[in-house]
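S.K.: Provided below for reference: sequence and predicted model.
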Amino acid sequence: MSGRKQFDISAALDQAMRVFWQRGYPDASLDALGSATGLGRGSLYGAFGNKETLFGKCLDRYASIYGAQYEQALAAHPGDPVRAVEAFFDVVLRRIADPSVPVGCLIAQSAAQLLTLKEENGRQVRGLLAVQRQRVRAALADSPADSRTLDELATFVVAINQSLAVLSRAGTPDAELRSVARLACTTVADTIARAASEDVPGDRRQPGH
């Protein structure tokens, strides 16, 4: 429209996402968001609503970018849940090592600040963590372990993922982060192998014997 300043909403949203990712929700001021996006407060409000709404859109944007990568990695090794988890951590570690994005993870950062978030944003963060756990749980399904064990392993893998993000923000070297991921994969493999050895058909006794 003539007389109205046009801008790329997707690009502005990416820049705002980086501010929340780097600073966390409480310290992502409107001035910082405006400076990153090149928009004044009026334009920010007009394009995205208030800060809480903008944050929600940034969470969705983050989840759509990295969630798709997680989904692809976890689904790339059907019948091999351990390799699927290894691929998942490969994606996580590549994101952490990427110099073009802030250190850590926006979801992990936001989860640590839940008490500072509005109720709707808090529900969104918890929902994104739940989706991540569901993805991992689905990748583990094709194994001999019982349902309870697989539930626990899925929670364990997500917990390690969040821990890697926190450690990276504290400056932990990449080699140490990879060591943590490798040990996590070993734990998953050992747990599944133990379940397989306990489910050997020849070891089952017939009723009445």
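M.R.: Received, thanks.

S.K.: mind checking the SS state of the residue lying closest to V131 once chain neighbours are set aside?
M.R.: Excluding the flanking residues, the one nearest V131 by CB to CB, 6 or more residues apart in numbering is G67, at 7.0 Å. (Each C-beta comes from the backbone N, C-alpha and C, glycine too.) Following DSSP: H, G, I helix; E, B strand; the rest coil, we place G67 in the helix state.

S.K.: tell me the contacts of G67?
M.R.: Residues near G67 by CB atoms under 8 Å, 6 or more residues apart in numbering: L128, V131, Q132, R135.

S.K.: what residues does the helix or strand bottoming out on mean pLDDT in the chain touch?
M.R.: Ranked by mean pLDDT, DSSP states H and E, the weakest helix or strand in the chain is helix 41-48, scoring a mean of 85. Helix 41-48 is contacted from outside by 5, 7, 9, 12-13, 16, 30, 33-34, 37, 39, 54, 57, using CB under 8 Å, 6+ apart.

S.K.: equivalent analysis for stretch 19-35, please.
M.R.: 16, 36, 39-41, 44, 51, 54-55, 58, 62, 101-106, 109-110, 112-113, 116-117, 121.

S.K.: so which of the residues you listed are in helices?
M.R.: In helices, defined here by DSSP state H, the members of the contacts of stretch 19-35 are 16, 36, 41, 44, 51, 54-55, 58, 62, 106, 109-110, 112, 121.

S.K.: which among the residues you listed end up buried?
M.R.: By neighbour count, with 16 or more other CB atoms under 10 Å, those hold 16, 36, 44, 51, 54-55, 58, 62, 106, 109-110, 112, 121 as buried.
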